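> Have a look at this fold, sequence not included:
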């Protein structure tokens, strides 16, 4: 009886080990064929918040960008962060900005990313004409160039990001 119990225990352990190995190998094969591509991006809105104060060196403009991310991949992605440069009316305003996100974009779905950036007084001085136009209600054009960093089932991936307002 004791001998049958030992054989049964060994047989059960072998079956469990084989099951784990089989499941992990089939999971690796399915990930090997996974081809994750860069999502599509659309700039849906820009809202500038002008804060002109005295002394002028304390003035700034905050920009709220609403970015739509369309994920064509069969797996969900998590947008960890963006690093980018910002130009307004073809004038470089900010460079090497890093914006933490943590936004989940579902597989074959759309996610909304809210991006807030601040342009301080030093950068505003070079944009006097653009700021004056914005205050008067004229429309500015915006360009964002950079990279988007995603967490995927294959690890972290970096994709180029380019957005233009129309």
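Right, received. Where do you want to start? Not measured: the values here are computed from a predicted model. Residues are numbered from 1 along each chain as shown.

> Tell me the first helix or strand C-terminal of the helix or strand containing residue 149.
Element membership of residue 149, judged by DSSP states H and E, is strand 142-152. Going down the chain from strand 142-152, the next helix or strand is strand 155-164, by DSSP H and E.

> List of residues touching that next one?
For strand 155-164, contacts defined as Cβ atoms under 8 Å, 6 or more residues apart in numbering pick out 36, 38-39, 41-43, 65, 67, 80, 82, 84, 141-150. All C-beta atoms are positioned from the backbone trio N, CA, C, and that covers glycine.

> can you pull out the helices in the protein?
Shown for the chain, the helices assigned by DSSP state H span residues 2-32, 121-124, 128-135.

> What sits closest to residue 73 if chain neighbours are left out?
Distance criterion Cβ to Cβ, 6 or more residues apart in numbering; nearest residue to residue 73, sequence neighbours excluded, is residue 36 at 5.2 Å.

> Hmm, residue 152 and that neighbour touching each other?
Yes - at 5.3 Å, residue 36 counts as touching residue 152 under the criterion of Cβ atoms under 8 Å.
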